[in-house]
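Visitor: give me a 3D structure for the following:
(4 chains)
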Protein chains: 2
Amino acid sequence: MVGSVWLTSGKGRKSRESGLDRDTIVAAAVRLLDAQGDVSMRALAGELNVTPMSMYWYVANKSDLLEFALDAVAGEIELPEADDDWQVELRALAQAWRRTMVGHPWAIRHYGDYLNIGPKSMRFTRHAQAVVGRSPLSQADQAAALSAVFQYVYGFAMNESRWLEYGRKTGRTVDEFVDDVAKSVAEVPWVSVKSGVVDQKNRQSIAEQRDRDFDRALDWLLAGMVTPSRSRHSASDPDGR
Amino acid sequence: MVGSVWLTSGKGRKSRESGLDRDTIVAAAVRLLDAQGDVSMRALAGELNVTPMSMYWYVANKSDLLEFALDAVAGEIELPEADDDWQVELRALAQAWRRTMVGHPWAIRHYGDYLNIGPKSMRFTRHAQAVVGRSPLSQADQAAALSAVFQYVYGFAMNESRWLEYGRKTGRTVDEFVDDVAKSVAEVPWVSVKSGVVDQKNRQSIAEQRDRDFDRALDWLLAGMVTPSRSRHSASDPDGR
DNA sequence: ACCTGAACACCGTTCAAGT
DNA sequence: ACCTGAACACCGTTCAAGT
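Guide: Predicted coordinates:
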């Protein structure tokens, strides 16, 4: 946990004989993870028609493989085009990150296990830093703002990903599941929409509701950053630079 | 994933012969998890001087055991005393949750796997709902506010827990680790304090810095909730009740 | 009602050997 | 330089059997 291939790096070479190389292995891993939510080295080898141990020529171990897979996914994040309002651009960036993570629900489960310093991950991070870099915040506050936003986004996306994986595995919709649970427990605290409270006729799709919830809390956070604070933690750093 | 013992519930009974019962097993599991970050059924049985399979009389499987362990941890959360300002109380509640989670870094890794509807978890949730219930927000906004806050707290605590577990496992401090990585990569995006930027003489303890970061973003979020919004997502629900 | 031992079907990975 | 097969040290869990 929290080691990194990228610190030691290594073999990106191509095999002449078989079709095997690191990118192929990583791509197959992503495919299996998307489909099953999980990979075993043995299953992956089966998918590639090779021996499990042959892959160990290209990756040191399973942990490394997952780190490569995560960086591959990071490469899918669409960087939004520049906007004069840094908050607008930051919001778009957060949305893009969420979109990608939710597209590979397994990714966020492993996200915290690594430093995420692969080339694709760094491309994203650098872009994000550039966006807050254009804000009027002090340099210390820029880092804090970025952390805050992505901690929220991370929490939201983790939640969302779990539901999606659950749905994929059981073939049931979230609605059905919530109704089921509501039969057993009086309160259902972990969904903002309480069962029965929303009337059926203008019920929105769960996905739309989630989008709105996501954006709204993000707006709260962004608004709070630029609001003169009434509490003991000021938004401007005393020794900010 | 996302099933729940609490929906089917069951055996809370006590064995007369041996000292074994569910609470003992769960308590031992928590102890091992705290110490190692992980449990195996076999190791747990060893700890209790019983056969692995004997525990299956009290828990259906490992997943159930973890769900019980999580609820036990939820029981440790200190509910703050009432405060006239609902935001002050909500902040205290978030801090208490974080404190407990960080005290058992493994807990948050498993948190999303369950519905968290055990008795101790529900006690916390109900308290939290009561706190936002005293806010001037519409009922729909109350739920959204609660979700937003705890999504942020979850993201923060997850991050923090990883570092703590990493520290425990390697016996190195976060400072040392950051310095090491900084030698290999130019940028260290996932810490707000860039290595070298903070001068040594008024360097705060990392823990204090984390506390401040946590509180500050929480304040931003809370401030944003009660700020008239300038964006397309209004803070008051059109059909709020 | 409670506990056991043997066995099954998995894992990731080491290691020595092949080409 | 690349790939293999056998083996090791683990898992969680089933199942039939004991008391």
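Visitor: in terms of helices and strands, where is the residue lying closest to A:Pro119 once chain neighbours are set aside?
Guide: The spatially closest residue to A:Pro119, leaving aside those adjacent along the chain, is A:Asp71, at 6.8 Å (C-beta to C-beta, 6 or more residues apart in numbering or on different chains). For the C-beta atoms, the positions are set from N, CA and C on the backbone; glycine is no exception. Applying DSSP states H and E as the criterion places A:Asp71 in helix A:62-74.
Visitor: what packs against that helix?
Guide: helix A:5-8, helix A:22-36, helix A:41-48, helix A:86-103, helix A:105-111, helix A:119-133 (3 or more C-beta pairs under 8 Å, 6 or more residues apart in numbering or on different chains; DSSP states H and E).
Visitor: let's see it at 6 Å
Guide: helix A:22-36, helix A:105-111, helix A:119-133 (3 or more C-beta pairs under 6 Å, 6 or more residues apart in numbering or on different chains; DSSP states H and E).
Visitor: most packed of the ones you listed?
Guide: helix A:105-111 (a mean of 22; mean count of other C-beta atoms under 10 Å in any protein chain shown).
Visitor: just the CA coordinates for that one, please, in CSV.
Guide: Output of helix A:105-111 as CSV, limited to C-alpha atoms (Å, rounded to 0.1, in the frame of the first residue of the first chain):
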residue,chain,number,x,y,z
PRO,A,105,-16.3,1.8,-10.5
TRP,A,106,-13.4,-0.5,-9.4
ALA,A,107,-10.9,2.4,-9.9
ILE,A,108,-11.9,4.5,-7.0
ARG,A,109,-11.7,1.5,-4.7
HIS,A,110,-8.0,1.2,-5.4
TYR,A,111,-7.3,4.9,-5.9
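Visitor: show residues contacting it.
Guide: A:Leu33, A:Gly37, A:Leu66, A:Leu70, A:Val73, A:Met101, A:Ala157, A:Met158, A:Ser161, A:Leu164, A:Glu165 (C-beta atoms under 6 Å, 6 or more residues apart in numbering or on different chains).
Visitor: can you list the domains in chain A?
Guide: Domain assignment for chain A by automatic domain parsing gives A:18-60, A:86-227.
Visitor: right, so the ones you listed: which one is the most enclosed?
Guide: domain A:86-227 (a mean of 18).
Visitor: end-to-end on it?
Guide: One end of domain A:86-227 to the other measures 15 Å (C-alpha to C-alpha, to the nearest Å).
Visitor: stretch A:30-45 too?
Guide: Taking C-alpha to C-alpha as the criterion, the two ends of stretch A:30-45 lie 13 Å apart.
Visitor: in JSON lines: the helices and strands packed on helix A:62-74, plus mean pLDDT.
Guide: Shown next, in JSON lines, are the helices and strands packed on helix A:62-74 (pLDDT from 0 to 100):
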{"stretch": "helix A:22-36", "mean pLDDT": "97"}
{"stretch": "helix A:105-111", "mean pLDDT": "97"}
{"stretch": "helix A:119-133", "mean pLDDT": "94"}
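Visitor: how far off centre is the one helix or strand A:Asp141 maps to?
Guide: Counting by DSSP H and E, the element that carries A:Asp141 is helix A:139-170. Here the centre of helix A:139-170 is set off from its chain's centre by 6 Å, with C-alpha atoms, centre = their mean, to the nearest Å.
Visitor: distance check, A:Ala145 against A:Leu20.
Guide: A:Ala145 is 44 Å from A:Leu20, where distance means C-beta to C-beta, to the nearest Å.
Visitor: give me the contact status of stretch A:29-39 with DNA strand C.
Guide: Yes - using C-beta under 7 Å from any atom of the strand, we find that stretch A:29-39 touches DNA strand C at A:Val39.
Visitor: re earlier: and the domains of chain A, which one is worst for confidence?
Guide: Lowest mean pLDDT within the domains of chain A: domain A:86-227, at a mean of 85.
Visitor: what is the burial count for A:Asn61?
Guide: 12 (other C-beta atoms under 10 Å in any protein chain shown).
Visitor: touching, the residue nearest to A:Pro119 and A:Gly118? I think so.
Guide: Yes - with contact defined as C-beta atoms under 6 Å, A:Asp71 counts as touching A:Gly118 (3.1 Å).
Visitor: so how far is chain B from the residue positioned nearest the centre of chain A?
Guide: Nearest to the mean C-alpha position of chain A, by C-alpha atoms, centre = their mean, lies A:Met101 at 3.6 Å. Going from A:Met101 to chain B by C-beta to the nearest C-beta, to the nearest Å gives 12 Å.
Visitor: now do the contacts for that residue.
Guide: Applying C-beta under 6 Å, 6+ apart, the residues contacting A:Met101 are A:Ala107, A:Ile108, A:Ala157.
Visitor: what about 10 Å?
Guide: A:73-74, A:76-77, A:107-109, A:111, A:153-154, A:156-158, A:160-161 (C-beta atoms under 10 Å, 6 or more residues apart in numbering or on different chains).
Visitor: among those residues, which one lies nearest to DNA strand D?
Guide: Closest approach to DNA strand D among the contacts of A:Met101 (C-beta to the nearest atom of the strand): A:Arg109, at 17.6 Å.
Visitor: name the nearest residue to A:Tyr154, ignoring sequence neighbours.
Guide: B:Gly155 (3.9 Å).
Visitor: how is A:Ala60 assigned, secondary-structure-wise?
Guide: coil (DSSP: H, G, I helix; E, B strand; the rest coil).
Visitor: and it, how far is that from A:Asp113?
Guide: For A:Ala60, the distance to A:Asp113 - C-beta to C-beta - is 15 Å.
Visitor: any chance of the domains of chain A in TSV, plus distance to B:Ala217?
Guide: Listed next are the domains of chain A as TSV, based on distance: least, C-beta to C-beta, whole Å:
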stretch	distance to B:Ala217
domain A:18-60	31
domain A:86-227	3
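Visitor: determine which of those domains approaches B:Arg210 most closely.
Guide: domain A:86-227 (10.4 Å; C-beta to C-beta).
Visitor: ok now the closest one, how far from the chain's centre?
Guide: Centre to centre, stretch against its chain (C-alpha atoms, centre = their mean), the figure for domain A:86-227 is 8 Å.
Visitor: can you give me the distance of A:Asn159 to A:Asp23?
Guide: On the measure of C-beta to C-beta, A:Asn159 and A:Asp23 end up 32 Å apart.
Visitor: and what of A:Met41?
Guide: A:Met41 is 17 Å from A:Asp23, by C-beta to C-beta.
Visitor: could you do A:Gly171 as well?
Guide: 32 Å.
Visitor: do A:Trp86 as well
Guide: 35 Å.
Visitor: check A:Asp179 too.
Guide: Taking C-beta to C-beta, one finds A:Asp179 at 44 Å from A:Asp23.
Visitor: again with A:Arg162
Guide: Counting by C-beta to C-beta, the gap from A:Arg162 to A:Asp23 is 29 Å.
Visitor: which residue is the nearest non-sequential neighbour of A:Leu115?
Guide: Counting by C-beta to C-beta, 6+ apart, the residue nearest A:Leu115 is A:Ser4, at 4.8 Å.
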